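In: Could you look at this predicted model? Sequence included:
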Amino acid sequence: MLYRFVNFWLMDITASLLVFISAWYGKIMRRKTKSCEISRDGAFASKEKDLYDEVPVESHFCATLARLLLYTIYFVLMAASVVLLQSHPYIMISVQHITVIFCIMLTFFQWFRPYVALCFGGLFSIIWIMSAATTFRWVINDIVIGLFALLVSHVHFQNFPSLQMFLWIAVVYDICLVKTISRGLPSLFSAGDYCDTVLCKAFELSDAWELPTIFTFKIGPREGHVYLGAGDIIIGCMVANFSQMFFRSSKYLSGTVLSYAVAIALLSQVENDPYPALVTIVPLCSFQLVVSAILSRKARRLFSFQCLESGGQRGGLAREIELLI
């Protein structure tokens, strides 16, 4: 129990720190991007802003509904891909390996010159692949998830309603995912003798290949190991990034990260049964955003369908990918 206690709180602190760093890193990258765009024609930018301000509220509402459809299609495709690959589970493993290497390379390319990024990114990818049979594989996987968190800093939502739609669809998906897994898994991500569902088999393979789909701390015996889905950290990074962009205050960002840490802490009451972490993360973080908006007198703006920033103000990686995954 001591090892489980230590592992859990180390995981909680580290995951919350990753969420904070992701939002802070996104703030730095946006400042860097804006400073590079100062040389733009001021008159053109002013004209573009005026045109943007004239966009009626109805068009923002319609755009938000379009995003709702896009979010739904995204999660439906995720579920469908698992079902379609039921007879070819190793395809999932191959795709995951390619995705991990791509994200590693993409992260290094935004830090270094192309040839340097290629060398360092390739070296780290090789280390990750070669560490598959080692006892410290989980440490490297956690580092890879940390790189994912930095990449998420380039993803932001246009407004609070859009963020909420995505989060609650993710909650439904998470619940359905865990419910399917629990039919074949008696304990958290450990294979049972009667495991026969497609998702169960997928997690068996993922566990065998030790892919960075789970953020974990494995100090001490196996009974003391703790796990948190990588997607739960990514969701936290998205919420923190929105908080930083909307409030532009470290105080409210810290509140968002604290609510995320509390949501993870509540999971300590769960034993070994699979449990959808987003059930605690999404309500608490959403509530914190609303309370912060009320305290900062921005509640009306928070629930507005208008975008946070105009198109002329955005930039960066693919124009600071304005939406999602």
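Out: Received it, and whenever you're ready, just let me know what you need.

In: use CA for all of it now, contacts and neighbours both
Out: OK.

In: Look at the residue nearest to Ile104 when sequence neighbours are not counted and give its secondary structure.
Out: Computed as C-alpha to C-alpha, 6 or more residues apart in numbering, the closest residue to Ile104 that is not its neighbour in sequence is Gly121, at 6.1 Å. Using DSSP: H, G, I helix; E, B strand; the rest coil, the structure places Gly121 in helix.

In: So what's the residue count around Gly121?
Out: Counted with other C-alpha atoms under 10 Å, residues neighbouring Gly121 total 23.

In: and it, what does it touch?
Out: 104-105, 108-109 (C-alpha atoms under 8 Å, 6 or more residues apart in numbering).

In: got it, and Ala132?
Out: Counted by C-alpha under 8 Å, 6+ apart, Ala132 has contacts 209-210.

In: ok, now Pro221?
Out: By C-alpha under 8 Å, 6+ apart, the neighbours of Pro221 are Tyr3.

In: Can you pull up the most central residue in the chain?
Out: The chain has Ile234 as the residue nearest its centroid, 1.4 Å off, counting by C-alpha atoms, centre = their mean.

In: My understanding was that that residue contacts Ala149; is that so?
Out: Yes. If you go by C-alpha atoms under 8 Å, Ile234 and Ala149 touch, sitting 6.0 Å apart.

In: Make sure Tyr227 is indeed in a strand.
Out: Yes. According to three-state DSSP, Tyr227 belongs to a strand.

In: what secondary structure does the nearest residue to it once chain neighbours are set aside sit in?
Out: Sequence neighbours aside, Thr216 is the residue nearest to Tyr227 in space, at 4.5 Å (criterion: C-alpha to C-alpha, 6+ apart). Of the three states, Thr216 takes strand according to three-state DSSP.

In: show me the contacts for Thr216.
Out: Taking C-alpha under 8 Å, 6+ apart as the test, what Thr216 contacts is 11, 138, 142, 225-228.

In: Take those residues and write them to JSON lines, including neighbour count and pLDDT.
Out: Listed next are those as JSON lines, based on neighbours: other C-alpha atoms under 10 Å; pLDDT from 0 to 100:
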{"residue": "Met11", "neighbour count": "22", "pLDDT": "94"}
{"residue": "Trp138", "neighbour count": "20", "pLDDT": "92"}
{"residue": "Asp142", "neighbour count": "21", "pLDDT": "94"}
{"residue": "His225", "neighbour count": "18", "pLDDT": "86"}
{"residue": "Val226", "neighbour count": "24", "pLDDT": "87"}
{"residue": "Tyr227", "neighbour count": "17", "pLDDT": "86"}
{"residue": "Leu228", "neighbour count": "22", "pLDDT": "89"}
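
In: for those residues, which one is nearest Arg67?
Out: Top of the list for closeness to Arg67, among those and by C-alpha to C-alpha, is Leu228 at 27.7 Å.

In: so how far is Met105 from the closest residue to that closest one other than its chain neighbours?
Out: Of all residues not flanking Leu228 in the chain, Phe215 sits nearest, at 5.0 Å (C-alpha to C-alpha, 6+ apart). Distance of Phe215 to Met105, given as C-alpha to C-alpha, to the nearest Å: 20 Å.

In: what about the two, which has more around it?
Out: For Phe215 versus Met105, the count of surrounding residues by other C-alpha under 10 Å is larger for Phe215: 25 against 21.

In: Identify each buried residue in stretch 21-34, please.
Out: 21-27, 29-30, 33 (16 or more other C-alpha atoms under 10 Å).

In: can you pull out the helices in the stretch 1-150 of the chain?
Out: 2-36, 42-53, 57-84, 89-109, 114-130, 137-152 (DSSP state H, counting those that start in this stretch).

In: Likewise for the stretch 201-325 of the chain?
Out: Going by DSSP H, counting those that start in this stretch, the stretch 201-325 of the chain shows helices at 230-247, 250-266, 278-295, 299-302.

In: picking up where we left off before, from the helices of the stretch 1-150 of the chain, which stretch is densest packed?
Out: helix 137-152 (a mean of 21; mean count of other C-alpha atoms under 10 Å).

In: Ala293 reaches Phe303, doesn't it?
Out: No. Counting by C-alpha under 8 Å, Ala293 stays clear of Phe303, with 9.5 Å between them.

In: about what we covered before: make a markdown table out of the contacts of Thr216 and add distance to Tyr275.
Out: As requested, the contacts of Thr216 are exported to a markdown table (distance: C-alpha to C-alpha, whole Å):
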| residue | distance to Tyr275 |
| --- | --- |
| Met11 | 16 |
| Trp138 | 21 |
| Asp142 | 20 |
| His225 | 16 |
| Val226 | 13 |
| Tyr227 | 11 |
| Leu228 | 10 |
